[in-house]
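>>> fold the following.
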Amino acid sequence: MHQLSAHTVRLLSSAQVVASVLNVVKELTENALDADATAIDVKLENFGLERIEVRDNGIGIRAEDAPVMGVRHFTSKISSHEDLETLQTYGFRGEALGSICAVAEVTVTTKTKDDDVSVQYSLDSSGNIVSQKPSHLGQGTTVSVQRLFRNLPVRRQLYSSSKKCREELRRIQEVLTAFAIVKPELRIALYHNKGEAVRLVRQMPSRFSRAEVTETLRRMCAELERSHGTCLHGRPFLRPLVDLPRTDEEARTLAAPAAL
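Presented below is the predicted three-dimensional model:
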């Protein structure tokens, strides 16, 4: 990881502010995806106000990068503003973890494939490491955020009603579901208060009936007609069933019910 130049920071900085539990979950999930994670577990306690934990099985954080992983404007994604032209990652400004540290107590446990054991780092409000100790967790990174908005009672007061808390949980489910849809290879699960709220996993039946296959291809055909020649689909279970079409003509042939 390296520090962005003052010029690049001036162009990219948005003075990121963590304003909700959803912000924290989204930012940490995107960090996990950037680390090539194939499995992500999100755990909340008291709707995330007491604790948010995001655990992944990604590449982990190298020991030499750990001292600056929570410091603002340190990133491994880009070196300058021009790198945005070829950017293929979610986070790139180096602000997410630092912004979270400013409003909560944060610990990061991480291990790369080359490390013998994982290490748990405790960060202060500026993202600096204040303590570290060995851990038993496997490869990947686990970020634990506790006592969110502990120093912002007005912000925490917004979650005083159960209706607001339930609404926030629903929005979190929607965001994680969106990640699961666009990345069908990803296993992602959300837990609340030690109980599983929703498992956003690619659930693929072991066998497909003829009726299910026919209905799926007919929906594709209907979508093809509506989209003026562009094949749109959003059902990941179709991927192992057939080779996805590469051209519009292949899509029409595949979607034709008569082909069954």
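
>>> those helices in this protein, which residues are they?
6-12, 21-34, 96-101, 153-157, 162-182, 210-226, 248-255 (DSSP state H).

>>> for the third one, list the C-alpha coordinates in CSV.
The C-alpha coordinates for helix 96-101 follow below in CSV (Å, rounded to 0.1, in the frame of the first residue of the first chain):
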residue,chain,number,x,y,z
ALA,A,96,-13.4,3.7,3.8
LEU,A,97,-11.7,2.0,6.7
GLY,A,98,-10.3,5.3,8.0
SER,A,99,-13.8,6.8,8.0
ILE,A,100,-15.2,3.8,9.9
CYS,A,101,-12.4,4.1,12.5
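
>>> tell me who's in contact with the closest residue to Arg147 other than its chain neighbours.
Spatially, and ignoring its direct neighbours in sequence, Arg147 is nearest to Glu105 (5.3 Å; CB to CB, 6 or more residues apart in numbering). Bear in mind the C-beta positions are built from the backbone N, C-alpha and C, glycine included. By CB atoms under 8 Å, 6 or more residues apart in numbering, the residues touching Glu105 are 122, 145-147, 150.

>>> from Gln146, how far off is Glu105?
Relative to Gln146, Glu105 is positioned 4 Å away (CB to CB, to the nearest Å).

>>> hey, least reliable of the helices of the chain by pLDDT?
For these, the weakest mean pLDDT is recorded on helix 6-12, namely a mean of 52.

>>> gap between Ser122 and Gly70?
With CB to CB as the criterion, Ser122 and Gly70 are 10 Å apart.

>>> wait, I meant Ala35
Relative to Gly70, and taking CB to CB, Ala35 is found at 15 Å.

>>> more neighbours: which of the two?
It is Gly70, of Ala35 and Gly70, that has more neighbours when counted by other CB atoms under 10 Å, with 26 against 18.

>>> and the pLDDT for that one?
82.

>>> out of the contacts of Glu105, which one sits closest to Lys26?
Among the contacts of Glu105, Val145 lies closest to Lys26 (CB to CB), at 12.5 Å.

>>> which residue ranges of the stretch 51-200 of the chain form strands?
51-56, 74-75, 105-111, 118-123, 129-135, 140-146, 187-192, 195-200 (DSSP state E, counting those that start in this stretch).

>>> quick one: contacts of the first one?
Spelled out, that is strand 51-56. Residues from elsewhere that reach strand 51-56 (CB under 8 Å, 6+ apart): 21, 24-25, 28-29, 31-32, 35, 37, 39-45, 137, 140-146, 148.
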